[in-house]
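>>> Give me coordinates for this.
(4 chains, ligands or ions: 4)
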Amino acid sequence: MTDPALDIRDLTIALPAGADRDNAVADITFSVATGEILCVVGESGSGKSMTANALMGLLPPGVGVRSGQAMFGGRDILALPEAEKQKMRGESIAMIFQEPMTALNPLMRIGEQITEVFAAHDLLNPAERRARALELVREVGLPDPDKIIRAYPFQLSGGQRQRAMIAMALALEPKLLIADEPTTALDVTTQAQILKLILDLRAKHGMAVMFITHDFGVVAEIADQVIVMREGQIVERGAAARVLGAPEHPYTRRLLDAIPTGRLPEARTLAEVPALEIKDLRKVYRTGGGLFRPVREVRAVDDVSLTVARGEVLGLVGESGSGKSTLGRAAVRLITPDAGQVLVGGTDIAALSEDELRKERHKVQMVFQDPYASLNPRQRIMGAITDGPIARGIPRARAEAKARELLEIVGLGADAATRYPHEFSGGQRQRIGIARALAMEPELIVADEAVSALDVSIQAQVLDLLRDLRSRLDLSILFITHDLRVAAQLCDRIAVMQKGKLVEIGTVHQIFRSPQQAYTRQLLAAVPGAEWNRDGAVTA
Amino acid sequence: MTLWKRFSSNTGAMIGVIILLLVIAIALLAPVIFPKGPWQMVQRPFLAPFSTDGLPLGTDTLGRNVAAQLAYGARVSLLVGLVSTVVALLIGVPLGAVAGFYGSWVDEGAMRFTEFFQTIPNFALAIVLVAILEPTLTSITLAIAIVSWPPVARLVRAEVMSVRKREFVDAARVAGLTRRRILVAQVLPNTVSPIIVMASLMVATAILLESSLSFLGLGDPNAMSWGYMIGAARTVIRQHWWLSFLPGIAIVITVLALNLIGEGLNDALNPHLSRKARA
Amino acid sequence: QQDGGRLDIVVQPEPPGLMLGLVQNGPTQMVSGDIYESLLRYTTDLEPQPSLAKSWTISDDGLVYTFKLQDGVTWHDGEPFTAADVVFSADVFLRETHARLRSSLAYVQSIEAPDDTTVVFTLKEPFGPFINAFEVGTMPIVPKHIYEGTDYATNEMNATPIGTGPFKFDKWEKGSYIHLVKNEDYYVEGLPHLDEIFYRVIPDAAARAVAFETGEVDVLPGGSVENWDVPRLTEMEGVCSTGKGWEFFAPHAWMWLNNREGPTSNKLFRQAVMYALDREFVKEVVWNGFGTVATGPISSKTNFYSDDVTIYDHNPDKAKELLAEMGYDGEPVRVLPLPYGETWQRWAEAVRQNLSEVGINVELDSTDVAGWNEKTSQWDYDMAFTYLYQYGDPALGVSRNYVASQIKKGSPWNNVEGYDNPALDEKWNAAATMVTPAERETAYAEIQKEIVDDVPVAWLLELEFPTIYRCNVKDLVTTAIGVNDGPRGAWIEQ
Amino acid sequence: MQIAIAIFSRLVKAALTLLAIAVLNFFLVHAAPGDPAVVLAGEAGAADEAMIEQLRERFGLDQPFHVQLGKYVWGIVQFDLGYSFRQGAPVSQLIAERLPATLLLTMTAFGISLACGIALGVAAAARVGKASDTMLTTLALLFYATPLYWLALMAVLVFSVWLGWLPGFGYETVGANYTGLTRLLDILKHLILPALTLGLFFMSVYMRMTRASMLEVSQLDFVKTARAKGLSGPAIRRRHILRNAILPVVTLAGLQAGQLVGGAVLTETVFAWPGIGRLMFESLAARDYNTILGVFIVSAAMVILFNIITDLVYRIVDPRIGATA
Ligand SMILES: Nc1ncnc2c1ncn2[C@@H]1O[C@H](COP(=O)(O)OP(=O)(O)OP(=O)(O)O)[C@@H](O)[C@H]1O
Ligand SMILES: Nc1ncnc2c1ncn2[C@@H]1O[C@H](COP(=O)(O)OP(=O)(O)OP(=O)(O)O)[C@@H](O)[C@H]1O
Ligand SMILES: [Mg+2]
Ligand SMILES: [Mg+2]
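Ligands and ions are numbered 1, 2, ... in the order given. So this is what the prediction gives:
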């Protein structure tokens, strides 16, 4: 290790009384060298963000540094007075945040937000600031810099916003850049671009980077050094290749195990009988359109046809906004398509009236993305599961018995029924969501990003459950995801969508081994750490 | 339980609760403490507070017991405040809920209707309504309710619109529940927190509104209220200022208490805070 | 007497208009009494004085009234004033617009102007009170050259009234004030003394008191502040007050008792009400000692008053006895207060208290001025507060409240209680047309004795509205209508 | 261009709304018991059937209800608010005479309350949890809870009667015939007490709202971004938090500014301020239908006008609005 840019010793950050533990991090020691990328990985809540915030002097109220030092440029930055910290922020240490959607002031032009960095440190005159901002915008690869500078955040896509954030962070050429999960909210292709940008900039400016993530793919892509955190402690550290290749700590191993590997499952033979047939489906969203306003049209699903066979898991992938959810929601008739048919067991549910539909509802069920939002916080689990069957006319007692049984099946235990959603963790809630869907005895389940909101280890559990159910109950599943790795784990076939169109459909092996379309190839290439897996095998 | 814990750890809110309970107790016990009622002329007029035994707060322009008037006034003020709020909720919640849930022309119609009530200044509308219906406790309460419901409808509409977009509503639809059932059993229960907060503040506003109407001579002459007391005493404010001061203080304290409670509820129910506690 | 200066007088409420021929409500009379004039003025003893008429004679049979008019009178716009204006006003204009005058004009055979300065009124039959009909609010003389042949109500000149009076209209800032300026061409040498008058509109009674205290206004005409403020204000240094100036009106307050239905249709009940009321208390506490407890229909301030009647003192036991005798079953009665401010409200509360003490079930109705007019004129009440002016003579201001011919739905200024006593009706009518005052005196004494036993209404108080003013304002209240035409001779001591 | 179209469409909608309001109000006002003819006749101290009939005919009250309504609405369409028979003048003239005073009072109160409310709200939010914050919020709560008219009475008592500093009522010194600057100062002096009493209530509303909004916005992510840039606390509050926090305050203020115009009845009464609120109240007592309706329509127009202004302000402050439109 050469010349540590940042050297942290015995850092302990205290949490306020009543938090889940006493210290966000306890006695951690690590350093980052100039020009080096240090990846900090670990489960949610392990204290990654708190460490970063402590370095910036941006700890939330109630949370404070209890002990330890952080030597940076010869000074202990934790002990600086607030005015000094303020001067240091942006100038010597800069930070980018996870959510590009909310991390920018919605009411301020991008240019203004960049020039503000200079203003905050009393550097340059206004004209120079503008010129410099323009340069920065160009440097982070934003198209049409003159326009971007005058744009408001809402006029930019997520990736563009994240670039703008990076431009701001780089404005004063800091020695240390802290990135707190900067790509988690972006889709794969955009994520790949941002990672590349950070690597380029590191090479160009030679700054130290502390990169927080929970995605080992990302780690494999960019890390020089890695530290693994768990419940406020560093459990493992070392060079990236070593930690990924030969993890020592059981926790690291568990984390790596939970990662969906690039290895493809055995192909299965599929039944001939279709569970779901979608024919020439089209959905156009019209927004705006007041008395005198122009109507904006989005062709969310554009003439898509596909079939899901009984017992098959069909993966639906594509970047954000490609129409995956729209298709999935049309399949359960949460939205009414503009044209086309949705045949479930031979009935076109897209053409049914409200009342007829209610009778057919049970055939197709859905598991939703957000385990927090998809359960009514004011309803007990029993109610959530039995509402549907009872509405269908099943006697309450039988519905409840069935619900208990299902809760056992998804691994929660029957007594979960009397509790409220907030008493469960995310993964448990997603199991409840699955139980709810199963209670209707459906022929098909649409799972829209059903595991995206979950931590890797929990994700793995839910995927196991789905796989198990698939074989036990002979379910058909339309599995919507933006994560190709996950799709590879579970699906028999994969359909790729782009801008409302179905680009390609084929078995997992076909798609991964010999993709036909350029877009599919592009998507596969964008998967972080695509060329890496634990066994060193290259899948694409 | 945790809600109550969070609420009770808020000093301001607890002070509010205690004051309000006190006022309610006085209101309920008024006939016991002052069996003669508030209208009986018991002594010389304009006795100062603390000057005469048995008349702790003195007498008013006609020699009536001010303490008794305050106690009975609490009955009327609270009654008007509570009932008008309940009525306003009964109008505003269903209207806002239906508008927010069904959208399109139902929403458009409901909102135009609401807008109509919002274009006439509240107080002016209340005055006209009381004049039309003639001032009785019922008509005053009704008038206050009629001018207070539009914000409720708007709030409920906004809440319902945001809850409607939550995934559990989709889940209920997929489960085959009817729309009405979804609205009543799934959506509405999730809007109660802001409604409760708003209601506590509405009670306060209603008390102020009643007193303002009373001040303009549009009170019910058979109901002793705090506003009536101030209105009646303002003509002697120069000689006997306490006659308008005491009921004024009573209003201020009660409204203050309700506000403290409202803010306490707001803090306790605030989704931001509860989300933080969850993370 | 000194010339010059300005007077600020409170006017409450703001008058709806200033054309006195069209609008005769109190505030209009107060302001326009300086702009318009009639033929006569009256002393506080109700003696006629010259105004536009410099002299007059009444024939012995009481049928012919001949007026000689002042010389050199001009309208505010410079046009000469002549007898033709008087004939036009009385015979044409006011017959159409002035309901109260119309009932007096019913006795008039003809009105003629033999020459420019003489007007002759010839009556059909003698009408004793006719000499009291020439007060400015009763018979304002309006300019013929402006109104003849036009639609009076919408004549544009209504906004800028033209009279012959001592002051001219200058400006009306709606909601704030009305400004009158001295009529330099006034026909009485040396009058008026004042340069200008501001009539100030201040809607809140407390604010009016403050206005007086802070020196913003100089005169608070009767009724413009609440009674509780009167002692405080009059005790201030340099402040005077007078109860005079209301003799012509002699406001008389009572409660109509609905004679048609309900408990109030029972004479015993009505008598019980009279005994139940503590009118002394109201006078002392609610009216702060101002006024006199009324003994009957006629005010002690006007002619023909008699106190030889049954006196109803505060006697709850007697009231209870009477109620028991009639068998009152507790049927609730509604009391309608007069919506004229806190004093009246307190009064109603006191009445409710008095009545409930003897076991009468009372509920206060409440409404605003318009509602009060509606309810009383539609007879929708059990007991209703009111007060009426007597206009100097029982035949003008009293009998209309008790004779059956005046039972007319739609107006609150007649026999609203529905009292129907044909024997008495005859006596009222006879008394009006008797020629000598002595005859009338006995007739009215008899009427009073009888009617007081019947209690058609519950007489309450002869009201007194003290005028409060700064002592350096002199000679303001000299006539029977007080401030209404007082500024004509008023002056300010420097 | 887009804004122009938006405004135009809003105006069309507003006109229709106003017409609907006129009709509904017509029903409302005519539902009140009492008859303007009886009131007017009553005030004269004498009346008979014939005279009342005559008055009713003059007021057009003898016609069937739907004819009256039709005539009224037809008048409104032609921008004619009708004629006040009681006051013998066109309603538009009566309102025009009173409106400036009302606008002066309410806009001053509004301006003061908005400016001070926001300033104090920002100050309180910056010191959240400290003693000065507690003091400010308590004070605001107190003003919020105090009945307006009571405050007004007390203010007159103290500042006008006891201290003699300020005139306690009225619009200007009557008969002083001031002109130019002196007149302006005179009016301002009269304005202070009513504007302050009216303003205090709203000031506390805006302050509480600003404070809450500031605190809420300061939790948002972009504030952290701003801090990470090294901006100072005041700069963050001014440039980032306030700008975002002000939006809900603007919405509320827009709604209230319009309502204020017709809703200052109490203040106008206590301070003898010659505004339209009082005109409405007095006309109501006299059942001067056309005048009441006129005031209602004018104040409804004000509410709508202010809503449009609010939207425009919103567009300026929040660039996202214009884009989605
Ligand atoms: N404002 C706060 N007040 C109290 N405790 C907090 C606060 N923010 C976070 N914590 C707690 O601090 C601990 C560490 O949180 P931190 O945000 O650093 O986790 P993280 O590793 O960044 O997780 P994630 O991957 O979910 O972002 C957690 O136990 C969390 O509950
Ligand atoms: N309710 C709606 N109104 C208008 N446009 C919509 C609506 N829902 C989706 N869209 C648009 O339709 C397109 C497809 O959206 P959809 O949600 O189906 O994409 P997706 O593939 O599920 O994306 P993601 O991965 O982000 O969930 C997008 O451009 C989106 O903006
Ligand atoms: Mg984090
Ligand atoms: Mg989606």
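
>>> Do any residues in stretch A:68-83 lie close to chain D?
No: if you take C-beta under 8 Å from any C-beta of the partner chain as the test, stretch A:68-83 misses chain D, and the best it gets is 8.5 Å. Every residue, glycine included, has its C-beta placed from N, CA and C.

>>> So which bits of that stretch are buried?
Going by neighbour count (16 or more other C-beta atoms under 10 Å in any protein chain shown), the buried part of stretch A:68-83 is A:68, A:69, A:70, A:71, A:72, A:77, A:78, A:80.

>>> Distance of the fifth one relative to residue D:83?
When distance is defined by C-beta to C-beta, to the nearest Å, residue A:72 is 82 Å away from residue D:83.

>>> Which of the buried residues of stretch A:68-83 fall in strands?
Counting by DSSP state E, the part of the buried residues of stretch A:68-83 found in strands is A:68, A:69, A:70, A:71, A:72.

>>> Could you find which two of those are furthest from each other?
A:68 and A:72 (13.0 Å; C-beta to C-beta).

>>> for the helix or strand containing residue C:356, packing partners?
Using DSSP states H and E, the element containing residue C:356 is helix C:342-357. Contacts defined by 3 or more C-beta pairs under 8 Å, 6 or more residues apart in numbering or on different chains; DSSP states H and E place helix C:342-357 against helix B:226-233, helix C:267-276, strand C:333-336, strand C:362-364, strand C:383-388.

>>> so how far is that helix from its chain's centroid?
Chain-centre distance of helix C:342-357: 24 Å, with C-alpha atoms, centre = their mean, to the nearest Å.

>>> One more: stretch D:278-289?
Per C-alpha atoms, centre = their mean, the centroid offset for stretch D:278-289 relative to its chain is 18 Å.

>>> One more: stretch A:187-198?
For stretch A:187-198, the distance to the chain centre is 14 Å (C-alpha atoms, centre = their mean).

>>> Please work out the average pLDDT along it.
The pLDDT scores in stretch A:187-198 average 83.

>>> Can you name the residues in contact with it?
A:37, A:140-141, A:157-159, A:162-163, A:166, A:177, A:179, A:182-183, A:186, A:209, A:211, A:218, A:221-222, A:319-320, A:482-484, A:522-523, A:525-528 (C-beta atoms under 8 Å, 6 or more residues apart in numbering or on different chains).

>>> now the residue of the stretch 351-494 of chain C found nearest chain B: how far from ligand 2?
The minimum distance from the stretch 351-494 of chain C to chain B, using C-beta to the nearest C-beta, falls at residue C:364 (3.9 Å). Between residue C:364 and ligand 2 the computed distance is 60 Å (C-beta to the nearest ligand atom, to the nearest Å).

>>> which residue sits closest to that residue, ignoring its sequence neighbours?
residue B:221 (3.9 Å; C-beta to C-beta, 6 or more residues apart in numbering or on different chains).

>>> check the ones in strands among the buried residues of stretch A:68-83 against ligand 1, which are close?
Filtering those for proximity to ligand 1 by C-beta under 6 Å from any ligand atom leaves nothing.

>>> Serialize the residues you listed to TSV and add fields for distance to residue C:35.
Shown next, in TSV, are those (distance: C-beta to C-beta, whole Å):
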residue	distance to residue C:35
A:68	93
A:69	94
A:70	91
A:71	95
A:72	91
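
>>> quick one on the thing from earlier: filter the contacts of stretch A:187-198 down to the ones in strands?
Per DSSP E, the contacts of stretch A:187-198 map to strands at A:37, A:177, A:179, A:209, A:211.

>>> List the contacts of the last one.
When you say that, I think you mean residue A:211. A:37, A:38, A:39, A:40, A:179, A:182, A:198, A:218, A:222, A:223.

>>> pLDDT wise, what is residue 263 at?
No chain in the question, so chain A it is. 64.

>>> Correction: the question concerned chain D.
Looking at residue D:263, its pLDDT is 68.

>>> Disregarding flanking residues, what is the spatial nearest neighbour of residue D:250?
residue D:313 (5.6 Å).

>>> how close does residue B:216 get to residue D:156?
17 Å.

>>> just residue C:445 next, same as before
To residue D:156, residue C:445 is 52 Å away according to C-beta to C-beta.

>>> Settle it for me: which of the two has more neighbours?
With neighbours defined as other C-beta atoms under 10 Å in any protein chain shown, residue C:445 and residue D:156 compare such that residue D:156 has more, 26 against 18.

>>> Can you read off the backbone torsions of the nearest residue to the more buried one once chain neighbours are set aside?
Excluding its sequence neighbours, the residue lying closest to residue D:156 (C-beta to C-beta, 6+ apart) is residue D:168, at 4.2 Å. The phi/psi pair for residue D:168 (degrees, to the nearest 10) reads phi -90, psi -10.

>>> Run a quick neighbour tally on residue D:168.
27.

>>> Identify the residues contacting it.
Taking C-beta under 8 Å, 6+ apart as the test, what residue D:168 contacts is C:207, C:210, C:211, C:214, D:156, D:159, D:160, D:161, D:193, D:271.

>>> hmm, which of these are the buried ones?
Using 16+ other C-beta under 10 Å, the buried ones in the contacts of residue D:168 are C:207, C:210, C:211, D:156, D:159, D:160, D:193, D:271.

>>> Would you check which pair of those lies furthest apart?
Applying C-beta to C-beta across these, the maximum distance is between C:211 and D:159, 14.7 Å.

>>> my guess is residue A:238 meets residue A:226, correct?
Yes: the pair residue A:238 and residue A:226 qualifies as a contact (C-beta atoms under 8 Å) at a distance of 6.4 Å.

>>> So between these two, which is more surrounded?
Of the pair residue A:238 and residue A:226, residue A:226 is the one with more neighbours under other C-beta under 10 Å, namely 25 against 17.

>>> Check the gap between the more buried one and residue D:91 for me.
In terms of C-beta to C-beta, residue A:226 sits 81 Å off from residue D:91.

>>> same question, residue A:307
Applying C-beta to C-beta to residue A:307 and residue D:91 gives a distance of 73 Å.

>>> Between the two, which has more neighbouring residues?
residue D:91 (26 against 15).

>>> How about the contacts made by that one?
By C-beta under 8 Å, 6+ apart, residue D:91 lies in contact with D:81, D:82, D:83, D:84, D:290, D:291, D:293, D:294.

>>> now with 10 Å?
By C-beta atoms under 10 Å, 6 or more residues apart in numbering or on different chains, the contact set of residue D:91 is D:75, D:80-84, D:279, D:283, D:288-295, D:297-298.

>>> Strands - which of those residues land there?
Going by DSSP E, the strands hold D:83, D:84 from these.

>>> now the helices for the stretch 1-150 of chain C?
C:26-32, C:83-87, C:94-97, C:99-105, C:144-147 (DSSP state H, counting those that start in this stretch).

>>> Turn those into JSON lines, columns for mean pLDDT and distance to ligand 2.
Compiled in JSON lines, the helices of the stretch 1-150 of chain C are given as follows (pLDDT from 0 to 100; distance: least, C-beta to the nearest ligand atom, whole Å):
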{"stretch": "helix C:26-32", "mean pLDDT": "88", "distance to ligand 2": "65"}
{"stretch": "helix C:83-87", "mean pLDDT": "89", "distance to ligand 2": "81"}
{"stretch": "helix C:94-97", "mean pLDDT": "84", "distance to ligand 2": "70"}
{"stretch": "helix C:99-105", "mean pLDDT": "82", "distance to ligand 2": "71"}
{"stretch": "helix C:144-147", "mean pLDDT": "88", "distance to ligand 2": "72"}
